[in-house]
Structures are given as C-alpha cells and as structure tokens.
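Asks: mind looking at a prediction? Sequence and model below.
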Amino acid sequence: MPVKKQRSSIPTLLIIAGALLVLGAIAGYFYLIQTQSPETNSGQKAIVDVDQVTRVGLEEAKSAFDTQSAVFVDVRSSEVFAQDRIPGAISIPLDEIEARLEELDRNAWIITYCT
C-alpha cells in the first residue's frame, strides 16, 4: 500500500499572513486619509469640508437678507462684483477665501454666492 505524502500547510499560512498584512496596510492608509484634516496654506486647519456645507435655498436666503441675520459673501471676481451684487455683500473672490478667512466672523451665518 502506497504511503500518502502529507502536504505542508506552511505555504498556505504564509499566503494568508501576507494577504492580512496587505489588507491591514490598506485599511491603515484609508484610516489616515480620513482622520487627517486638510490644512490651509497658512498651516491653519480648514474650517469645514465643502461637502459638509449646508445649501441655502432662495427663500431662506431672502429671509436672511430681509432680517439681516446673515453675512453675504460674493465669491466672484472683484470686477464682476463691482458690476452687480447683493446690497451689503462682501467681496472675497473664491481664490482668496482661504487667505481672507480672518475677515469673517466665525459665529456669523455666512452665505456665499457666485451668481
């Protein structure tokens, strides 16, 4: 009767361990990406991710304008702002917004617009 040769389980264990290490490294990478806060050019932490900003409808914005309960920030270019704007709005072009955040009251309701 022939003797059956028993297969070693070491290669299988090494493959499983390697796969777990790779999966752990990938999971760690994605964890680091999600927990790191974006920084502005000045090294300060960004205030809010743009995807987390609440959109304001026209009626709500009009009510905020009428009651003066919000600060309106026009993010269009200075030239376009000079041609037409919401009365009382502040001009901070979009490409300058990070550098000029200190001009805005952090506790104020800020409504940005571009049209």
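Replies: Perfect, thanks for sending it.
Asks: residue boundaries of the strands in the chain?
Replies: Ranges of strands within the chain are 71-74, 90-91, 110-113, based on DSSP state E.
Asks: okay, now residue 92: neighbour count?
Replies: 22 (other CB atoms under 10 Å). To be clear about C-beta, it is placed using only N, CA and C from the backbone, and glycine gets the same treatment.
Asks: who's in contact with it?
Replies: Residue 92 makes contact with 73-75, 100, 103-104, according to CB atoms under 8 Å, 6 or more residues apart in numbering.
Asks: ok, now residue 91?
Replies: 73-74, 76, 78, 81, 85.
Asks: same thing with residue 115?
Replies: Shown in contact with residue 115 (CB under 8 Å, 6+ apart): residue 76.
Asks: rewinding a little: burial-wise, tell me which of the strands of the chain comes out on top.
Replies: Each of the strands of the chain was scored by mean neighbour count; the highest is strand 71-74, a mean of 19, by mean count of other CB atoms under 10 Å.
Asks: for it, the distance to its chain's centre please.
Replies: Offset of strand 71-74 from its chain centre (CA atoms, centre = their mean, to the nearest Å): 20 Å.
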